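Undergrad: fold the following and give me the result.
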Amino acid sequence: MPQSETPNTLRHSIKVVLLGDLGVGKTCLRSQYIHHVFSSAYKTTIGGDFLTTTTEVNNSDDKPITVNLQIWDTAGQERFNLISQAFYRGADVAVLVYDVTNYESLISLQGWWAQFSEHCHVDAPGLVIVGNKIDRTAEQCIDLEEVRPILCRNDPEQFENYITDWKSDVLEVSCKQPLSVDAVFQRVALLGLSKSSRNDASRLQINQIDISPKDRAHAASCAC
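TA: Modelled structure (predicted):
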């Protein structure tokens, strides 16, 4: 559950990117978590946008840590891929979302993860996989225990090298059920904390600009 800031707590910022096919419920997932609202009205995400919130988790010493979550919602349509890829950079955690009533949406996560891995410019991003719409039990065609063998069928290392714990990092939710959604982002926050310190070095590298002696001379004479 998102929390207001509390005094005397450590604070960390985690960048989170939601990925998955059109209509799997990425926007609903974020709206339920941040605004506690579920809407059945569908609206396509164009490119991407982010919202921020804070949550509180306990570290290994049982000390409270306030985590600022910057949650990016990205378009699930191929024509927006180039725009969305710009939002992957520097992300600590990717949340791959599929629809439990749509088998192809799970298969598509292989492509989404490959795309994210290429463009995030982070050495060790965290990964959480979320199956949405479990309230539609009569239509469900993917069981939780099937996710790992399906995703790892062709290239096991693609996911095995990044999933920390298949029991904790593969979750089923309904965006109509706030507690299940809260559990996802609690896991995201904990995973992000474990990854963010290692990822800071990666961010520093991609933000550095190497200026050669020639470029320095040009910069020194610039009239800007």
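Undergrad: beta partners for the residue most central in space within the chain?
TA: Closest to where the C-alpha atoms of the chain average out (C-alpha atoms, centre = their mean) is A94, at 2.8 Å. Counting by DSSP bridges, A94 is bridged to V17, L127.
Undergrad: residue contacts, it?
TA: 16-17, 19, 88, 113, 116, 120, 125-128 (C-beta atoms under 8 Å, 6 or more residues apart in numbering). (C-beta placed from N, C-alpha, C; glycine too.)
Undergrad: distance of F50 from P149?
TA: F50 sits 33 Å away from P149 when distances are taken as C-beta to C-beta, to the nearest Å.
Undergrad: next: K63.
TA: In terms of C-beta to C-beta, K63 sits 38 Å off from P149.
Undergrad: low-confidence ranges, this protein, go.
TA: Scanning the chain for pLDDT under 70 picks out 1-10, 40-48, 60, 76-84, 197-224.
Undergrad: now the helices for this protein?
TA: 26-35, 81-85, 103-107, 109-119, 147-151, 156-160, 166-169, 178-207, 213-221 (DSSP state H).
Undergrad: send me the third one as PDB with only the CA atoms.
TA: What it means is helix 103-107. Output in PDB follows, covering the C-alpha atoms of helix 103-107 (Å, rounded to 0.1, in the frame of the first residue of the first chain):
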ATOM      1  CA  TYR A 103      -1.900 -17.400 -24.100                       C
ATOM      2  CA  GLU A 104      -0.200 -15.300 -26.700                       C
ATOM      3  CA  SER A 105       0.200 -12.400 -24.200                       C
ATOM      4  CA  LEU A 106       2.500 -14.700 -22.100                       C
ATOM      5  CA  ILE A 107       4.600 -15.800 -25.200                       C
END
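Undergrad: which secondary structure elements does it contact?
TA: strand 93-99, helix 147-151 (3 or more C-beta pairs under 8 Å, 6 or more residues apart in numbering; DSSP states H and E).
Undergrad: redo that, cut-off 6 Å
TA: Here helix 103-107 touches strand 93-99, going by 3 or more C-beta pairs under 6 Å, 6 or more residues apart in numbering; DSSP states H and E.
Undergrad: the first one too?
TA: Judged by 3+ C-beta pairs under 6 Å, 6+ apart, helix 26-35 is in contact with strand 64-74, helix 178-207.
Undergrad: ok, what's across the strand from the residue lying closest to L106 once chain neighbours are set aside?
TA: Spatially, and ignoring its direct neighbours in sequence, L106 is nearest to Y98 (4.3 Å; C-beta to C-beta, 6 or more residues apart in numbering). On DSSP bridges, the residues paired with Y98 through beta bridges are G131.
Undergrad: how much space is there between Y98 and S105?
TA: Distance from Y98 to S105, counting by C-beta to C-beta: 4 Å.
Undergrad: the two - which one has more neighbours?
TA: Y98 (28 against 25; other C-beta atoms under 10 Å).
Undergrad: the more buried one: what's it in contact with?
TA: Going by C-beta atoms under 6 Å, 6 or more residues apart in numbering, Y98 touches 20, 24, 105-106, 109, 131.
Undergrad: distance check, the closest residue in space to I163 that isn't next to it in sequence against V100.
TA: Of all residues not flanking I163 in the chain, D169 sits nearest, at 5.2 Å (C-beta to C-beta, 6+ apart). Applying C-beta to C-beta, the value for D169 to V100 is 17 Å.
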